[in-house]
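Enquirer: here's my sequence, what's the structure:
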Amino acid sequence: MQRVAFLLFPGFQVMSLAAASVFEFANLEVKEPIYETLYISETGGKIMSSLGLAVETQAFNDPTFDTLIVSGAPGETVPTAGERLFMKEASTRSRRLASICTGAYFLAHAGLLDGRRATTHWIVARDIQKRFPKIKMEEDRIFIIDGSIWTSAGMTAGVDLALAMVEKDHGIDLARAVAKKLVVYHRRAGGQSQFSALLEMDPKSDRIQSALGYAKRNLRTPLSVEQLAEAAHLSPRQFSRAFRSETGQSPAKAVENLRVEAARLMMEEGRHSIDVVARETGFADRERMRRAFLRAFGQPPQAIRRNAQPVEF
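Expert: Sure thing, here's the model as predicted:
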C-alpha cells in the first residue's frame, strides 16, 4: 500500500484536498486499499483552512512516504524552518514530492524547484519566476513532472496531477475508471492553456462582447477595426476607444490573442499541419504564426505540439 501524505498549514485551501478523492476512488475501484491517505502538519492537531474548516492532522516526523503533496493557499505562504527541513528530507526519502497551486511557493522557498521545470496558478507564476529565477516556470501548463518533483496549476489541476500519479502507479485503465467516477476528464493534456483569452479580457459591455464573439467566429478573415466596429455598432474611433478602456488591449492585440489561442488548441490536437493551422486561424502563413507564438508563449508551435503529447512515465 502506497502512503500519500498531504502537508497542511494554517490557512491552506480546502480545495487542495480534492486530489485526495482520486486516491480514495482508486481504492474503491479495485476494492482494496492500494493507497493510504494521511494529513500531516508541523504541529499536529486541527489545522484551520482559509474557509474556516479545520482538518485533524498528525504531527510530521518520519518524512518517508511514497508521495508527499503540499497543499495550496489563497496567496503566498512561507514555510517555517521546520517545514523547510521536513520537505528537504522528504525530497530525498520519498518517491515523489508534489505541490498543488500556490503550494509551489513552499517548494520554491525550500530550494526544491531550483533548476527544474515547474508550474503553478497563472496569477502567481510570474511572481515566483521573478523572485526565484533558478526555477524554469511554465505558467500555461496544467501540471509538470520533472524527475521526482510534480507541480500543478490551480486547485482543480491537482485532480489532473493525482490522476497522472494513479496512471503511473497502476495503469491507464484504473486512472480512466477513477476519472469517470469523478466525472472529470481522464487527461487534460499538461500542455493545455489554463485560461481563455476571452476570460482574460473580460469586457463589460454587450457591444464589446459582441465584437469579440464575432472575431472568434471569423478568425480566418482579416478582422479589421472597421469590421469589429460594425459588429459592435460603433464608429471605428468610438470602438477603438471603448475597446481599450474595457479590455486594456488594442483591438489588433486582442485579435492576435484569439488567433494564438485557437491555433494553440489546433496544434495540441495534432490533426493538422502547421500551414493549415496558420491558415484556419487567420495568420496567413506559418512564419507570422511562429512569431506570435514566441511573443505569447516563448516557444514555437512545434514545441507546443510536442509538449501536448500524452504523458510518458
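Enquirer: just the helices in the stretch 51-200 of the chain please.
Expert: 81-93, 104-109, 122-131, 157-170, 172-182, 197-201 (DSSP state H, counting those that start in this stretch).
Enquirer: lowest-confidence stretch among the ones you listed?
Expert: Looking at the helices of the stretch 51-200 of the chain, the lowest mean pLDDT belongs to helix 197-201 (a mean of 69).
Enquirer: any low-confidence regions in the stretch 1-150 of the chain?
Expert: Low-confidence segments of the stretch 1-150 of the chain (pLDDT under 70): none present.
Enquirer: one step back: make JSON lines from the helices of the stretch 51-200 of the chain and add mean neighbour count and distance to His233 to it.
Expert: Placement of C-beta: from N, CA and C, glycine included. Formatted as JSON lines, the helices of the stretch 51-200 of the chain follow (neighbours: other Cβ atoms under 10 Å; distance: least, Cβ to Cβ, whole Å):
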{"stretch": "helix 81-93", "mean neighbour count": "16", "distance to His233": "57"}
{"stretch": "helix 104-109", "mean neighbour count": "25", "distance to His233": "45"}
{"stretch": "helix 122-131", "mean neighbour count": "16", "distance to His233": "33"}
{"stretch": "helix 157-170", "mean neighbour count": "24", "distance to His233": "39"}
{"stretch": "helix 172-182", "mean neighbour count": "17", "distance to His233": "45"}
{"stretch": "helix 197-201", "mean neighbour count": "16", "distance to His233": "19"}
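Enquirer: list the contacts of the nearest residue to Trp150 once chain neighbours are set aside.
Expert: Distances taken as Cβ to Cβ, 6 or more residues apart in numbering place Ala98 nearest to Trp150, at 3.9 Å, with adjacent residues excluded. Taking Cβ atoms under 8 Å, 6 or more residues apart in numbering as the criterion, Ala98 is in contact with 67-70, 149-152, 161, 165.
Enquirer: now do stretch 169-185: distance to the chain's middle.
Expert: 19 Å (Cα atoms, centre = their mean, to the nearest Å).
Enquirer: what's the closest of the contacts of Ala98 to Gly213?
Expert: Of all those, Gly213 sits closest to Ser152, with 31.2 Å by Cβ to Cβ.
Enquirer: for the closest one, which residues make a bridge with it?
Expert: Phe143 (DSSP bridges).
Enquirer: isn't it up against Gly158?
Expert: Yes: with contact defined as Cβ atoms under 8 Å, Ser152 counts as touching Gly158 (5.0 Å).
Enquirer: overlap in contacts of those two?
Expert: In contact with both Ser152 and Gly158: 100-101, using Cβ under 8 Å, 6+ apart.
Enquirer: in which helix or strand does Glu246 reside?
Expert: helix 236-247 (DSSP states H and E).
Enquirer: other SSEs contacting that helix?
Expert: Using 3 or more Cβ pairs under 8 Å, 6 or more residues apart in numbering; DSSP states H and E as the contact criterion, the elements in contact with helix 236-247 are helix 206-217, helix 225-232, helix 251-269.
Enquirer: related to what we said a few turns ago, mind putting the helices of the stretch 51-200 of the chain into JSON lines with distance to Gly298?
Expert: Below are those laid out as JSON lines (distance: least, Cβ to Cβ, whole Å):
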{"stretch": "helix 81-93", "distance to Gly298": "28"}
{"stretch": "helix 104-109", "distance to Gly298": "19"}
{"stretch": "helix 122-131", "distance to Gly298": "11"}
{"stretch": "helix 157-170", "distance to Gly298": "20"}
{"stretch": "helix 172-182", "distance to Gly298": "30"}
{"stretch": "helix 197-201", "distance to Gly298": "17"}
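Enquirer: so which bits of the helix holding Glu246 are buried?
Expert: Counting neighbours by 16 or more other Cβ atoms under 10 Å, one finds that the buried residues in helix 236-247 are 236, 239-240, 242-243, 246-247.
Enquirer: from Arg295, how far off is Ala254?
Expert: 14 Å (Cβ to Cβ, to the nearest Å).
Enquirer: the two: who's more crowded?
Expert: Set Ala254 next to Arg295 and count neighbours by other Cβ atoms under 10 Å: Ala254 wins out with 25 against 12.
Enquirer: just confirm that one contacts Glu246, I think it does.
Expert: No: assessed by Cβ under 8 Å, Ala254 is found out of contact with Glu246, at 10.3 Å.
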